[in-house]
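> I'll drop the sequence and a predicted model, then ask my questions.
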Amino acid sequence: MGAYVLRRLIAAAAMTAAIATAVFLLLRAVPGDVVVVMLGENAASPDKIAAMRHALGLDRPLLEQYAAWLAHLARGDFGTSILSGRSIGAELAVRVPRSLELGVFALAAAVLLGIPLGTLAARRAGRPLDLAITGVSVLGLTFPSFVVGSVFVLVFGLVLHWFPATGYVAFSDDPLGHVRHLVLPALTLALTFAPVVLRMTRAGMLETLSQDFVRTARAKGLAERAVMVRHVLRNSLIPVITVLGLQAGELIGRIVLIEYIFNWPGVSSLLLAGAFERDYPLVQAVVVVVAAAFVLINLLVDLAYMLVDPRIRLA
């Protein structure tokens, strides 16, 4: 087991380094002069261009820039934001936990909705309850997250006043207010992923229910609940975990829109602000952090495989 975990950790570290290198090279391969774009053509005097190049280290050879950037990155130093003048690392330290909290709660809600409903649908396969659950899941797949979010803002925020429509309150300032602000954006994301989890759970359980070991477990006199939980559900979780990993990667992209709709001050709003203001160091840092988060998600999925299926530990 230790060797498997070590291999996955090395692979994740190598992938993160490769992504960081790709981000570094791609941003420097963008057509045009990045400094002129950042300053604006009207304000880009030769003196200002030279000063900005020196401040960003772009007047040095490419390999020297790359080595210096990696050295700073390894220390957690992402540079200084041109937009705010603050440390980018300090900005990310504030914004990343907010986006992480939103994503974790959304995935947790999707699992808590999708797996029980998928299990129930599999146990009632072909019956009215199964048809109703799968029909609702198909309906859920048809609505984009921005439509669901807009409806939630209108109905639950502006009409019924059950939850705040938009905004953010720090947990340390008002715990209950923080949770109330979190509910709508997290539920919006969860409802876009729960149907996929539901359908994968149902399909996996239906396939597992037809296996010989399930009939053997029932023939031995095990209670139906034990058969479903210990044998059927556990052996059906591999495809569910796979789709959760894929959905978590997609979640990173969807959070950009959801944070914008609900005015949730996370990494996405920081990225958009940096892109609009042409804050080159900020955009570079955020892209690296987001890509590293995706690699981390895939690492966690691999480790979850090992917990669900012991055979993987021996691979």
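That came in fine, so what should we check first? Residues are numbered from 1 along each chain as shown.
> any idea how far Glu259 lies from Ala110?
17 Å (C-beta to C-beta, to the nearest Å). Just so you know, the C-beta spots here come from the backbone N, C-alpha and C atoms, and that holds for glycine as well.
> Helix or strand, whichever it is, which one in the protein has the lowest mean pLDDT?
helix 34-39 (a mean of 67; mean pLDDT, DSSP states H and E).
> after it comes which helix or strand?
helix 46-56 (DSSP states H and E).
> avg pLDDT for the following helix or strand past that following helix?
Downstream of helix 46-56, the next assigned helix or strand under DSSP H and E is helix 62-74. Here helix 62-74 scores 82 as its mean pLDDT.
> I'd like to check the angle between helix 62-74 and helix 46-56, please.
50 degrees (axes from the mean of the first three to the mean of the last three C-alpha atoms, to 10 degrees).
> Next SSE downstream of helix 62-74?
Following helix 62-74 toward the C-terminus (DSSP H and E): helix 88-123.
> Tell me which other helices or strands that next one touches.
helix 128-142, helix 175-209, helix 237-261, helix 267-276, helix 280-308 (3 or more C-beta pairs under 8 Å, 6 or more residues apart in numbering; DSSP states H and E).
> Find the residue at the geometric middle of the protein.
In the chain, the centroid-proximal residue (C-alpha atoms, centre = their mean) is Ile252; its distance is 3.4 Å.
> any idea how far Val35 is from that one?
Computed as C-beta to C-beta, the Ile252 to Val35 distance reads 29 Å.
> what do you get for Val301?
Distance of Val301 to Val35, computed by C-beta to C-beta: 40 Å.
> Report how many residues lie close to Thr142.
8 (other C-beta atoms under 10 Å).
> same check, this time on Pro116
Applying other C-beta under 10 Å, I find that Pro116 has 12 neighbouring residues.
> swap in the one 4 residues further on?
By the criterion of other C-beta under 10 Å, Leu120 has 16 neighbours.
> For Thr16, see how far away the residue nearest to the centre of the chain is.
Distance from Ile252 to Thr16, by C-beta to C-beta: 15 Å.
> likewise Gly274?
Between Gly274 and Thr16 the computed distance is 21 Å (C-beta to C-beta).
> Same question for Leu100.
For Leu100, the distance to Thr16 - C-beta to C-beta - is 17 Å.
> Which of these two has more residues huddled nearby?
Using other C-beta under 10 Å as the criterion, Leu100 and Thr16 rank with Thr16 on top: 19 against 14.
> Spell out which residues sit in contact with that one, please.
291-292, 295 (C-beta atoms under 8 Å, 6 or more residues apart in numbering).
> likewise Ser236?
Here Ser236 is in contact with 201, 204-205, 207-208 (C-beta under 8 Å, 6+ apart).
> Look up the closest residue to Asp59, ignoring the ones flanking it.
Computed as C-beta to C-beta, 6 or more residues apart in numbering, the closest residue to Asp59 that is not its neighbour in sequence is Arg53, at 4.5 Å.
> what do you get for Leu73?
What sits nearest to Leu73 in space, not counting adjacent residues and going by C-beta to C-beta, 6+ apart, is Ala20, at 6.4 Å.
> related to what we said a few turns ago, right, so the helices and strands packed on helix 88-123: which one is the most enclosed?
Among these, helix 175-209 has the highest mean neighbour count (mean count of other C-beta atoms under 10 Å), at a mean of 21.
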